[in-house]
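Undergrad: Pasted the sequence and its predicted model underneath.
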Amino acid sequence: MTTIELGYKNSVDLDWFQREFFIHKPFTGFVMLDSPERPLNRSPVIRTGDPEEMRHALFTVYGATGFAVPNQDGFEGVANYLVLENVGLGFCGYGAKTIVDFAESDFARLQIPLKRNATTILSGGTIAVNEEHPCIVPPGEPMRLVFEPGYEQLIVRIKAAALEKALVPLLGAKPRGALIFNPHAPAIQPSAQVLRDLTMFLAIQLNSAAAQLPSPMLFELEQALIIAFLSAHRHSFTELLDGTEKEAAPRVVRLAEEYIEASWNRAITIEELASQTNTSIRGLFRAFKKSRGYSPMTFAKTVRLQRAKQMLLEANQRTSVSQVAFKCGFGNLGHFANDFHKMFDELPSEVLARTRRGA
């Protein structure tokens, strides 16, 4: 058994990747378990012919709750895993039929099969997994994985909080309700192929021994993977992510949004919005919830926070956080700082300080 501390080699050679991965040859799958060219082999967790050693690794590193090998003849298991800020990338393969159980978790999991077949058993049913059919397991869903002999896969784990946070800029405001994935719905093409290609790209680049990958590029690639994940698999906000959805919204919603965007520098009441759109308060809330997934006041707050951040990014030495807050319609500095931090994961004072340092 070989076990090392989890980590990654964040290196990249984009010219090499384009030559080798895209231009000269299509991707045809990775090699067998005994090859040093396995995906993510610079971040090994274990390679063993002992089922008990494999059990220990699965329980301690991956959080498995059950493990069984019906016929241990010819068993070989290999697992590699690296961790980014919000994303985990892994590879595993088994030489014999293997069954692994996992309890509920706070991340979504995507299985990308590379060779042979597997079965994923969820509370809502059974999903056949093969090279044509990847499988997504939602956060909070216990599961059983049944790997057939010779099965290999890449695994993507993304924190549920990171997925929910990524929805805010995509939808224009924080949506109301939970983000719920449908594991039984087919993947959305061609977004699913983009996600697969991006995962392959990261697996190769983070395994490279070439020049170091800059941290900003690593962050952007991780964010791209999260957005691709949201685009490729059906969930409770898929329809809202549809590019045509905003145009299809009721006229009352469009009028309210236009009024909010034109009045971003002051507080707006729901009564005022209802009057401007010639509808009832209840009808306005219902229209927003149906076509947007959030309330009109949530949209208004998001617009004002976005304006505030832009003003802080363009600030001069005389600009203060309180000035920006008041200009954007926030009367309470404490609430402004708290809402700003929830949306952008940093305080307005931190943005202002960064702007001044760069001036």
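TA: Perfect, I can see it now. The model shown is predicted, which means the values in this text are computed figures rather than measured ones.
Undergrad: from here on, contacts and neighbour counts on C-alpha atoms
TA: Fine.
Undergrad: so how far is L305 from G334?
TA: To L305, G334 is 14 Å away according to C-alpha to C-alpha, to the nearest Å.
Undergrad: actually R157, not the one I typed
TA: Distance of R157 to L305, computed by C-alpha to C-alpha: 30 Å.
Undergrad: for the stretch 101-250 of the chain, which spans come out with low pLDDT?
TA: 172, 209-214, 243-249 (pLDDT under 70).
Undergrad: And the strands in it?
TA: Listed in chain order, the strands of the stretch 101-250 of the chain (DSSP state E, counting those that start in this stretch) span 107-115, 118-122, 125-129, 135-137, 143-147, 151-159.
Undergrad: neighbour count winner among G334 and L305?
TA: L305 (26 against 10; other C-alpha atoms under 10 Å).
Undergrad: was I right about the more buried one contacting K342?
TA: No. Contact between L305 and K342 fails when scored by C-alpha atoms under 8 Å: they sit 10.5 Å apart.
Undergrad: that older thread, out of the strands of the stretch 101-250 of the chain, indicate the one that is most buried.
TA: With neighbours taken as mean count of other C-alpha atoms under 10 Å, the strands of the stretch 101-250 of the chain reach their highest mean count in strand 135-137, at a mean of 25.
Undergrad: can you list the residues that contact that strand?
TA: 108-112, 120, 127, 129, 143, 181, 183, 233 (C-alpha atoms under 8 Å, 6 or more residues apart in numbering).
Undergrad: How about the spatially most central residue of the chain: what's its closest non-neighbour residue?
TA: Nearest residue to the geometric centre of the chain (C-alpha atoms, centre = their mean): I226, 2.8 Å. The shortest distance from I226 to any non-neighbouring residue, by C-alpha to C-alpha, 6 or more residues apart in numbering, is to L163 (6.4 Å).
Undergrad: same check, this time on I127
TA: T120 (5.1 Å).
Undergrad: what sits opposite that neighbour in the beta ladder?
TA: With DSSP bridges as the criterion, T120 is bridged to I127, L145.
Undergrad: Quick one: residues contacting it.
TA: T120 sits next to 126-129, 135, 143-146 when contact means C-alpha under 8 Å, 6+ apart.
Undergrad: quick one: it from E104, how far?
TA: Taken as C-alpha to C-alpha, the span from T120 to E104 is 14 Å.
Undergrad: my read: the residue nearest to I226 touches L230, true?
TA: Yes. L163 lies in contact with L230 (C-alpha under 8 Å); the separation is 7.3 Å.
Undergrad: more neighbours, these two?
TA: Ranked by neighbour count (other C-alpha under 10 Å), L163 and L230 place L230 first, with 23 against 19.
Undergrad: Which strand or helix spans A287?
TA: helix 281-291 (DSSP states H and E).
Undergrad: Next, the buried residues of that helix.
TA: 281, 284-289, 291 (16 or more other C-alpha atoms under 10 Å).
Undergrad: would a markdown table of the strands of the stretch 101-250 of the chain with distance to N316 be doable?
TA: What follows is these, written out as a markdown table (distance: least, C-alpha to C-alpha, whole Å):
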| stretch | distance to N316 |
| --- | --- |
| strand 107-115 | 41 |
| strand 118-122 | 55 |
| strand 125-129 | 56 |
| strand 135-137 | 47 |
| strand 143-147 | 54 |
| strand 151-159 | 37 |
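Undergrad: circling back to that earlier point, let me have the buried residues of helix 281-291 in CSV, extended by distance to V83 and pLDDT.
TA: Converted to CSV, these look like this (distance: C-alpha to C-alpha, whole Å; pLDDT from 0 to 100):
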residue, distance to V83, pLDDT
I281, 47, 85
L284, 44, 89
F285, 41, 86
R286, 41, 85
A287, 41, 88
F288, 38, 88
K289, 36, 83
S291, 36, 83
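Undergrad: and of the residues you listed, the nearest to F91?
TA: Of all the buried residues of helix 281-291, S291 has the smallest distance to F91: 39.4 Å, by C-alpha to C-alpha.
Undergrad: Wait, that closest one touches L240, no?
TA: Yes. Contact criterion C-alpha under 8 Å: S291 and L240 qualify, at 7.1 Å.
Undergrad: Got phi/psi on G77?
TA: G77 adopts backbone torsions of phi -130, psi 140, taken as degrees, to the nearest 10.
Undergrad: In contact with the closest residue to it other than its chain neighbours, which residues?
TA: Computed as C-alpha to C-alpha, 6+ apart, the closest residue to G77 that is not its neighbour in sequence is Y94, at 4.6 Å. Y94 is in contact with 33, 75-78, 147-152, counting by C-alpha under 8 Å, 6+ apart.
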